[in-house]
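S.K.: the following block contains a protein sequence and its predicted model.
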Amino acid sequence: MSVIARGLPLIPSKHQNHVTITIFHRGSKAISMCFSSTGGSNHLRSKPNCFSVISFEAEFRQEMPSSNYKSNSDVRKLCRNGRLQEALDSLHYMNMMGIEIEFHTYACFLQACADTKALRQAKRLHSLIVSTATDQEILLADRLVYTYAKCGRLEDARLVFDKMPKQNILLWNVMILAYVNHGFYEEALMLYCQMPVFGIKPDYYTFPCALKACAGLSALSQGKEIHAHVMRIGFESHIHVGNTLLTMYAACRNLKDSRQVFDKMYQRDVITWNAMIAGYVQGGHYEDALKLFRQMSRTETKPDLATVVTIVPACACLGAVKEGKVIHAYTVRRGLDGNVLVGNALIDMYGKCRSVENAVRVFGNMSQKDVISWTAMIYSYGENEKYEEALELFSQMELAGVKADVVTVTSILSICAGIADLEQGKYVHDYILRNRIKLDVFAQNALVDMYAKCKSIENARRVFDKISQKDVISWITMIAGYRQNRYCHAALKLFREMQLSVKPNSVAIISILFACADLSALQQGREIHGYIIRNELSSDVFVGKALIGMYAKCGNMKDAHQLFDRMLQTDATLWTAMIEGYGMQGNGKDALSLFYQMQQAGIKPDDVTFIVVLCACSRAGLVAEGWHYFRQMSREYGIEPNLKHYTCMVDLLGRAGLLSEAHKIIKELPVEPDVGIWGALLGVCRMHHDIELGEYAAGRIFELEPDNVGYYLLLSNMYADAGRWNAVAKVGAMMKDTGLVKNPGCSWIEVKGTVHAFLVGDRSHPQAFQIYAIVDSWAARMKAAGYVPRTNFVLQKELDAATKEDVLCGHTEKLAIAFGLINTPPGTPLRITKNLEMCSDCHDATKFISKIVRREITMKDKSYCHIFKDGLCSCGCYE
């Protein structure tokens, strides 16, 4: 039954012998009145919840709004104002009152839900639509799918799609687009392929969606099938379809077909031009991109904001600052220069084109800056080696209240690594932690690299261990860090761990070959050579260079030369590595012969090549040849000598005993001398016992670098050679006052793939008893052959001669040789590496040992690669 009290509608519900009448009013509140049905007459039932109609009516009238009904237009207005809950309440009210809800009202509500991602309200409206038992759900299906998709509920969108009749092309388009927008490209293409099954013909909205899915998957073959379908139906001339076709081909790296589509389009809009230019830029065809941009500028379709933002990076990659300036001027004329995206692109372009002043000008003129603007400017400073300015700008960014993102901190960390600024690097790391910046693996790798290059290898390893998803770069960075900090054993160990997690690439192989070269770990180097062959990396030119360098630095010039001869392509770097290998062994004639062959082959030497050539002359005592090549580098090749070249000449002349000429070179330098060149002079003064000049050189060294322990030891040894023990004690006191400690000497030898290291007087090795027994057994036989121990290398004055000889027996290279003799078959060559320069006593002793035990012994120290055989050394004893 229906009851109206003073015009207010009442909705009844029956309960046994009485009727409860519920009155609805604004806010979806309900007030119930109970009427008894006794003796055929209705009257109010007496119970605590019941009250008189008069009192209820008064209360209801007081709470009702001035307008009793909500209309469709009212609801649409509420939706447009974002008042979705009120709009939903009104729709429920209208439904209960039997007021027809128009299609456009439902559509307006769903659009508002999609815009605000109001999933809860959308679901409630969907329930209301279903409860009306009308065909509204079918009519609104495409809008329901769209709304659920916008709210991120693709499963709900698909449920609606599957429930509906399949004759509606709009419904298919919306569902396919929803999949594409959320990256479900395969599902989008599967749905596209099902359309013919249901008799649905794609339209010019369908094809762009399907083509975007192909672009997302780089599915060229499927894209071509859709292109053929487009041509059969005749939609190729449609501009929107054409734009997505050329974009699809560009995304699939098929710029030829992309350009064919572009050229065949009779009608082109700015999107067409932008898509083709973007395809060229993304494919690395920057010249073609600029050419097309110039062509576009001559048409009626003028470049817009998107065009500028796309083409400016092409100028950056080409270093085309002139073209970049023309585009910059265009943005000013068109009023686009105030856009933050344009400003960011221009800053990046000028920075990469080495025009940092223009980058600063653009940055300063920007009225609005985002985090990308600051990051681009910081990166530009870093690219142009203005590191202090970059760090200062980072501080200004923090003061301006702009929170750095992961890209910003990665750029700053790279700068800190480049200048080895550990303090600033730690500050950036702390900034990351304080601001809870989530680092991606690229940024984590940059953090590892920063600590490694700042010589804080423990912190580098700590960060490395915390990277949950290590990529190949993570491993390479840590391996390179170990190698750069002379922890080559750790590098080799980590490389073995890497092989259990990820497959090493060519960069990892190159890095570990460098470590093998530093250790003279020839056996492990050969194992890696086998890995290179098995994994078909031999064709990589850079791997080939590293492999040749490894064999050369391990003293195995035979294998190095065989590889060199098989290289299809050679350049200055490769020739230089070979020349250096011969030079390190003191084989100056072969080194210079190879340099001559390099010149005859038309390979132009660079500054590094001449450093290697001059070093080879120095080690072989080829003074005249050294002067010839020193002059040749500037006269014939236009290479101006730098400090390293002058250092080589000081060493060359000094070793030949021409100390005054060596000193003259330093005095006539066109630039300020550095520690390296004074160190070279000190070294040759010690060799020729020139105390006065040596002291002068040491004084200059300590002014420039007072904390380098190596030069204190060199000075101390010079005094010890001259028997000036008081001076030795003074140098020791200077070191103590400065807090310097001598790096312990260490030698290592590789046996059966394992590297064994020995320290001075080391007795910790399990085979120590056998090792020292072997060393002791040499003494008498070497003395009988003419060996005289050089006890002056033992700086403890208080020790007697016999004790000093015992100390010399404990030198690390002798222990390593003894270990090798015990653990390798007779006649096996021994390869030993030492972290410091080999002392003259050990050099003399090793010559005698090689003759006594009939072994070839390769000894690679800090500067040389000595090859001892039959009592002779490859250096010719010219040290």
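M.R.: All right, it came through fine. Not measured: the values here are computed from a predicted model.
S.K.: from here on, just use CA atoms for contacts and neighbour counts.
M.R.: Noted.
S.K.: which SSE is immediately downstream of the strand or helix carrying Gly544?
M.R.: When elements are assigned from DSSP states H and E, Gly544 belongs to helix 541-553. Next in sequence after helix 541-553, counting helices and strands by DSSP H and E, comes helix 557-566.
S.K.: buried stuff in that following helix?
M.R.: Met557, Ala560, His561, Phe564 (16 or more other CA atoms under 10 Å).
S.K.: ok, now stretch 149-160?
M.R.: So, applying 16+ other CA under 10 Å, buried residues of stretch 149-160: Ala149, Lys150, Cys151, Gly152, Leu154, Asp156, Ala157, Arg158, Val160.
S.K.: got the contact list for the spatially most central residue of the chain?
M.R.: Centroid check for the chain by CA atoms, centre = their mean gives Phe442 as the closest residue, at 4.3 Å. Taking CA atoms under 8 Å, 6 or more residues apart in numbering as the criterion, Phe442 is in contact with Thr410.
S.K.: quick check, pLDDT for it.
M.R.: The model reports Phe442 with a pLDDT of 96.
S.K.: which element follows the helix or strand harbouring it toward the C-terminus?
M.R.: Taking DSSP H and E as the definition, one finds Phe442 inside helix 441-453. As assigned by DSSP H and E, the chain's next helix or strand after helix 441-453 is helix 457-466.
S.K.: got a list of contacts for that next one?
M.R.: 444-445, 447-452, 474, 478, 481-482, 485.
S.K.: give me the neighbour count for Asn743.
M.R.: Residues near Asn743, counting by other CA atoms under 10 Å, number 10.
S.K.: how far away is it from Ile749?
M.R.: 19 Å (CA to CA, to the nearest Å).
S.K.: which residues of the stretch 151-300 of the chain fall in helices?
M.R.: Using DSSP state H, counting those that start in this stretch, the helices of the stretch 151-300 of the chain run over 154-163, 169-181, 185-194, 206-217, 220-233, 239-251, 255-264, 270-282, 286-297.
S.K.: of those helices, which is nearest Arg124?
M.R.: helix 154-163 (13.1 Å; CA to CA).
S.K.: what is that closest one packed up against?
M.R.: The contact analysis (3 or more CA pairs under 8 Å, 6 or more residues apart in numbering; DSSP states H and E) places helix 154-163 against helix 141-150, helix 169-181.
S.K.: same list (the ones you listed) but as a markdown table, adding distance to Gln111 and mean pLDDT.
M.R.: Listed next are the helices and strands packed on helix 154-163 as a markdown table, based on distance: least, CA to CA, whole Å; pLDDT from 0 to 100:
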| stretch | distance to Gln111 | mean pLDDT |
| --- | --- | --- |
| helix 141-150 | 7 | 93 |
| helix 169-181 | 14 | 93 |
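S.K.: deepest of those, which one?
M.R.: helix 141-150 (a mean of 24; mean count of other CA atoms under 10 Å).
S.K.: what inclination does that one have with respect to helix 154-163?
M.R.: 160 degrees (axes from the mean of the first three to the mean of the last three CA atoms, to 10 degrees).
S.K.: among the buried residues of stretch 149-160, which one lies nearest to Glu287?
M.R.: Distances from Glu287 to these, taken by CA to CA, are shortest for Lys150, at 39.7 Å.
S.K.: make sure that closest one is actually in contact with Lys117.
M.R.: Yes: using CA atoms under 8 Å, Lys150 is in contact with Lys117, at 6.4 Å.
S.K.: how much space separates Val751 from Arg253?
M.R.: According to CA to CA, Val751 and Arg253 sit 51 Å apart.
S.K.: which residues of the stretch 501-650 of the chain fall in helices?
M.R.: 506-519, 522-534, 541-553, 557-566, 572-584, 588-600, 607-620, 623-635, 643-655.
S.K.: by contact count, what packs against the fifth one?
M.R.: Based on contacts counted as 3+ CA pairs under 8 Å, 6+ apart, the elements that helix 572-584 packs against are helix 541-553, helix 557-566, helix 588-600, helix 607-620.
S.K.: quick one: which helix or strand includes Gly324?
M.R.: helix 321-333.
S.K.: what's the following helix or strand after that helix?
M.R.: Downstream of helix 321-333 (by DSSP H and E), the next one is helix 340-352.
S.K.: centre of the chain to that next one, how far?
M.R.: 21 Å (CA atoms, centre = their mean, to the nearest Å).
S.K.: low-confidence ranges in the stretch 651-800 of the chain?
M.R.: Low-confidence segments of the stretch 651-800 of the chain, defined by pLDDT under 70, are located at 790-800.
S.K.: in a markdown table, list the helices and strands packed on helix 154-163 along with distance to Arg76.
M.R.: Formatted as a markdown table, those follow (distance: least, CA to CA, whole Å):
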| stretch | distance to Arg76 |
| --- | --- |
| helix 141-150 | 16 |
| helix 169-181 | 23 |
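S.K.: among these, which is nearest Tyr387?
M.R.: helix 169-181 (41.7 Å).
S.K.: and for the closest one, what's in contact with it?
M.R.: 141-142, 145-146, 149-150, 154, 157-158, 161, 166, 185, 187-189, 191-192, 200-203, 205-206, 209-210, 212-213.
S.K.: Val755 belongs to a helix?
M.R.: No: secondary structure of Val755 (DSSP: H, G, I helix; E, B strand; the rest coil): strand, not part of a helix.
S.K.: which residue sits closest to it, ignoring its sequence neighbours?
M.R.: Distance criterion CA to CA, 6 or more residues apart in numbering; nearest residue to Val755, sequence neighbours excluded, is Ile749 at 5.6 Å.
S.K.: mind pulling up the pLDDT for Leu318?
M.R.: pLDDT, read off for Leu318, is 95.
S.K.: sorry, slip of the keys, the one I care about is Ser538.
M.R.: pLDDT at Ser538 comes out at 85.
S.K.: is it true that it touches Ile532?
M.R.: Yes: the pair Ser538 / Ile532 is scored as a contact, 6.0 Å apart, by CA under 8 Å.
S.K.: any chance of the helices and strands packed on helix 572-584 in a markdown table, plus distance to Ile378 and mean pLDDT?
M.R.: Listed next are the helices and strands packed on helix 572-584 as a markdown table, based on distance: least, CA to CA, whole Å; pLDDT from 0 to 100:
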| stretch | distance to Ile378 | mean pLDDT |
| --- | --- | --- |
| helix 541-553 | 32 | 90 |
| helix 557-566 | 43 | 91 |
| helix 588-600 | 42 | 94 |
| helix 607-620 | 31 | 94 |
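S.K.: His765 is nearest to which of these?
M.R.: helix 541-553 (27.4 Å).
S.K.: show me what the closest one is packed up against.
M.R.: Counting by 3+ CA pairs under 8 Å, 6+ apart, helix 541-553 packs on helix 506-519, helix 522-534, helix 557-566, helix 572-584.
S.K.: could you rerun that using 6 Å?
M.R.: helix 506-519, helix 557-566, helix 572-584 (3 or more CA pairs under 6 Å, 6 or more residues apart in numbering; DSSP states H and E).
S.K.: what's the closest of the ones you listed to Ser367?
M.R.: Nearest to Ser367, of the helices and strands packed on helix 541-553 and by CA to CA, is helix 506-519 at 43.4 Å.
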